[in-house]
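K.L.:
Got a sequence here, can you model it:
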Amino acid sequence: MFFYSKVHEKESILNKYNIIFDIPGGLSTKSKDWYPFVMIFNDNAGFSKYIGKNLSLTILYNFGHFKFKDGSSSYYDPNSKYYSSFYGGYLVKNNSSDKSAFGFYNDGTVNLEEISSVPKYDQERLVLSSLGCPKEKMRFDVSIDSIEYNVNYITHNNWIKIDSTIITNSPIHKSTKNHTAYIQYGKPIDKYYAGEDFPTIILKGRTYVKYFKEYNISIFLYVLAPDITTIEECDKNLLSKTILSKGTFGAPSCRQSLQDGRL
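P.N.:
Presented below is the predicted three-dimensional model:
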């Protein structure tokens, strides 16, 4: 995964525009919580087709730690606080002729439909499909709990903070063949589960989003987890320690580069 992620890093928005976006991984905390490092994935063509615009999309993501005795991530474990959980960042650039700010209206307020389309695409088209979830069963419904404007965060002002409740499919299922996602999450442990494949779950979500006019890029930081306590912990211990700045690519853009990536 590390080398695959490095290939995507070279092709990313980060590389093209010399942006340092350093999100801490699981090695930065003393707890056994998340995977050791954050990974990078690009999907410009797929996301452009999904939205119907010429866009670039770079995804930074991390998921629950591995239980090595099982060879499986806690991402699958219904009893774990990291069940169905992810955190990381998105960078979206509008390459269309209108050059409008993705996720925002002209008056600077958030376009919730566009903002929500990014994690929806990620969850359904990239994550669930790679686990073998049938398309007709996929679900990602978002309801907004609160929106806060003019938030100062990670040394930048004017972020917009969005808290939400999400109904989507959990990843637990009985493994039937070697799906591509098993390379990074491991396989679900069949002996621990005999229920419905990909049942729906209610999750909490938090997103910080800001439009950077100088690049025409919208940047997100996000966390998705079963309860608000895990959201708050991830925000305090990881997301809020993110470094975002302009630099020469070759300096690390992601914490994984310091610590020695979506398949």
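K.L.:
switch to C-alpha atoms for all contacts and neighbour counts from now on
P.N.:
Fine.
K.L.:
from memory residue 202 sits against residue 166, does it?
P.N.:
Yes: with contact defined as Cα atoms under 8 Å, residue 202 and residue 166 form a contacting pair (5.7 Å).
K.L.:
ok, the two, which is more surrounded?
P.N.:
Taking other Cα atoms under 10 Å, residue 202 and residue 166 do not tie; residue 166 has more neighbours (21 against 18).
K.L.:
how about the more buried one, secondary structure?
P.N.:
What DSSP: H, G, I helix; E, B strand; the rest coil gives for residue 166 is strand.
K.L.:
Specify the beta-bridge partners of it.
P.N.:
residue 142, residue 203 (DSSP bridges).
K.L.:
and it, how far is that from residue 159?
P.N.:
21 Å (Cα to Cα, to the nearest Å).
K.L.:
Equivalent analysis for residue 77, please.
P.N.:
Distance from residue 77 to residue 159, by Cα to Cα: 33 Å.
K.L.:
Can you tell me the SS state at residue 88?
P.N.:
Assignment for residue 88 (three-state DSSP): strand.
K.L.:
now residue 162
P.N.:
Residue 162 - assigned by three-state DSSP - is strand.
K.L.:
and residue 73, what are its phi and psi?
P.N.:
Dihedral pair for residue 73: phi -80, psi 150, per degrees, to the nearest 10.
K.L.:
Ok, residue 187 next?
P.N.:
Torsion angles, degrees, to the nearest 10, at residue 187: phi -100, psi 150.
K.L.:
Verify the stated contact: it with residue 72.
P.N.:
Yes: assessed by Cα under 8 Å, residue 187 is found in contact with residue 72 at 5.7 Å.
K.L.:
So between the two, which is more surrounded?
P.N.:
residue 187 (23 against 20).
K.L.:
residue ranges for the strands of the stretch 151-263 of the chain, please.
P.N.:
Per DSSP state E, counting those that start in this stretch, the stretch 151-263 of the chain carries strands over the ranges 156-169, 200-212, 217-225, 243-246.
K.L.:
Packed most tightly, which of those strands would that be?
P.N.:
strand 217-225 (a mean of 24; mean count of other Cα atoms under 10 Å).
K.L.:
can you give me the angle that strand makes with strand 156-169?
P.N.:
50 degrees (axes from the mean of the first three to the mean of the last three Cα atoms, to 10 degrees).
K.L.:
mind putting the strands of the stretch 151-263 of the chain in CSV, mean pLDDT and distance to residue 143 included?
P.N.:
As requested, the strands of the stretch 151-263 of the chain are exported to CSV (pLDDT from 0 to 100; distance: least, Cα to Cα, whole Å):
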stretch, mean pLDDT, distance to residue 143
strand 156-169, 98, 5
strand 200-212, 98, 10
strand 217-225, 98, 14
strand 243-246, 94, 28
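K.L.:
Tabulate those strands (JSON lines), appending distance to residue 31.
P.N.:
Listed next are those as JSON lines, based on distance: least, Cα to Cα, whole Å:
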{"stretch": "strand 156-169", "distance to residue 31": "25"}
{"stretch": "strand 200-212", "distance to residue 31": "21"}
{"stretch": "strand 217-225", "distance to residue 31": "17"}
{"stretch": "strand 243-246", "distance to residue 31": "21"}
